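how would this look folded up:
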Amino acid sequence: MKRALIVSSLLLSFFVCDFFAEGFMLPTSIGMRKPFDEGDSLVTIVFAGDMMGHEGQYKAAWNDSTGRYEYDDCFRFVHDYVSGADLACVNLEVPIAGKPYSTYPQFCSPDELLDGLKNAGFDVVFTANNHVVDKGKRGLERTIEQLRKRDFAFAGSYRDTVQRDSIYPLIVGVRGLRVAFLNCTYGTNGLPVTPPNVVNMIDTADLHAALRKAEELHADVKIICIHWGNEYELHSCVAQRSVAQWLADNGADLIIGGHPHVVQEADTLYRKDGTPVVCYYSIGNYISNQRKPHTNGGIMVRATLNRYSGKVIATSYLPSFVHRGTLDGKYQYYLILLKYS
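Have a look, this model is predicted:
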């Protein structure tokens, strides 16, 4: 284990150089930066990027000794960071459709992936992304069943409009704060969403209605987790920036983006009244088997909220790196956080 960690540290240093190679640097904290301690007045929410399910990942998770898929090791080095937050969220970019499992371009991973996320400390799962219907109606509905079985809160895809209307926008109570989560995607890779299933799309009329409903449900803060942009582009596109400003103007308090599989810039947008709204255009991959430039990791965003006002008073991030080693001829995947003072 000691030798593996030394190797990981060296690889991490290369990853960090690669991560910032294009000349932009995200500040460690964005938005309304204030000194704070971890007192009773604060709520922390952590966001992780795209949780992928390539073949190497589920093959590595198989344990011959127990006859089970086991994912806990993937999260062993980030467990404290995730579970230490009041709430932790992740984008699940793979259906949990049952056997047979499959990889790109139409994913399907074992149920035990959700156990790994649960044991790591995640509470909220977002499912609106371009792979949500890779396994059709069965895959969408079975993913929801498995999420509910493990008591995950979720948003993005639904069995039907009745289910969606009853639980969307997702309202999560955390230490007295009512947090509303909205989740949507640009599309589903051209695959149809089979009626009566529903997948939230990027539609301003629908988003406007959801934001107003969140207000009617007395949400203290409204957070948008959105699947958008162009894959592998290190900077946001015009469409992302336009939608982001619209979201800010219409009541979003924080915007977290995904899909490009690389980290893009973050920015502070302003409403007409001067209220700042932080937008992370893409926080990159969480775990994947991708090894194209800039795809072997991402950032985990930590938002700090005032539990009495609901205001987002600070955001910060930590880069995470996927160390892919080999053991007994199989890849092994470990998430490693770059920590700094």
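
which is the next helix or strand following the longest strand seen in the chain?
Looking across the chain with DSSP state E, the single longest strand is strand 312-327. Sequence-wise, the next helix or strand downstream of strand 312-327 (DSSP states H and E) is strand 330-337.

Using CSV, write out every CA atom in that next one.
What follows is strand 330-337, C-alpha atoms only, in CSV (Å, rounded to 0.1, in the frame of the first residue of the first chain):
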residue,chain,number,x,y,z
LYS,A,330,-7.1,-5.9,-13.5
TYR,A,331,-7.3,-2.1,-13.3
GLN,A,332,-7.9,-0.6,-9.9
TYR,A,333,-9.6,2.8,-9.5
TYR,A,334,-8.9,5.1,-6.5
LEU,A,335,-10.1,8.7,-6.1
ILE,A,336,-7.5,10.9,-4.6
LEU,A,337,-8.1,14.5,-3.5
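
what's the angle from that strand to strand 312-327?
150 degrees (axes from the mean of the first three to the mean of the last three CA atoms, to 10 degrees).

what packs against strand 330-337?
For strand 330-337, the elements it packs on are helix 2-19, helix 55-61, strand 285-287, strand 312-327, judged by 3 or more CB pairs under 8 Å, 6 or more residues apart in numbering; DSSP states H and E. For glycine as for every other residue, the C-beta is placed from the backbone atoms N, C-alpha and C.

repeat that with 10 Å
Under the contact criterion of 3 or more CB pairs under 10 Å, 6 or more residues apart in numbering; DSSP states H and E, strand 330-337 touches helix 2-19, helix 55-61, helix 79-83, strand 285-287, strand 297-306, strand 312-327.

What strands line up against it, and which way round?
strand 312-327 (antiparallel) (DSSP bridges).

Next, Tyr280: phi, psi?
phi -100, psi 110 (degrees, to the nearest 10).

got it, and Ala209?
phi -60, psi -40.

is it true that it touches Asp203?
Yes: with contacts counted by CB atoms under 10 Å, Ala209 reaches Asp203, the gap being 9.3 Å.

what's the burial count for Ile224?
27 (other CB atoms under 10 Å).

Tell me the bridge partners for it.
Leu182, Ile255.

now swap in Ser102 and tell me
If you apply DSSP bridges, the partners that Ser102 bridges to are Cys108.

What residues does it make contact with?
53-55, 58, 94-95, 108-109, 134-135 (CB atoms under 10 Å, 6 or more residues apart in numbering).

ranking the helices and strands packed on strand 330-337 by mean pLDDT, which is last?
Between the helices and strands packed on strand 330-337, the one with the least mean pLDDT is helix 2-19; it has a mean of 36.

Buried residues, the strand or helix carrying Leu269. List them.
Assigned by DSSP H and E, Leu269 falls within strand 266-270. By neighbour count with 16 or more other CB atoms under 10 Å, strand 266-270 contains the buried residues 266-267, 269.
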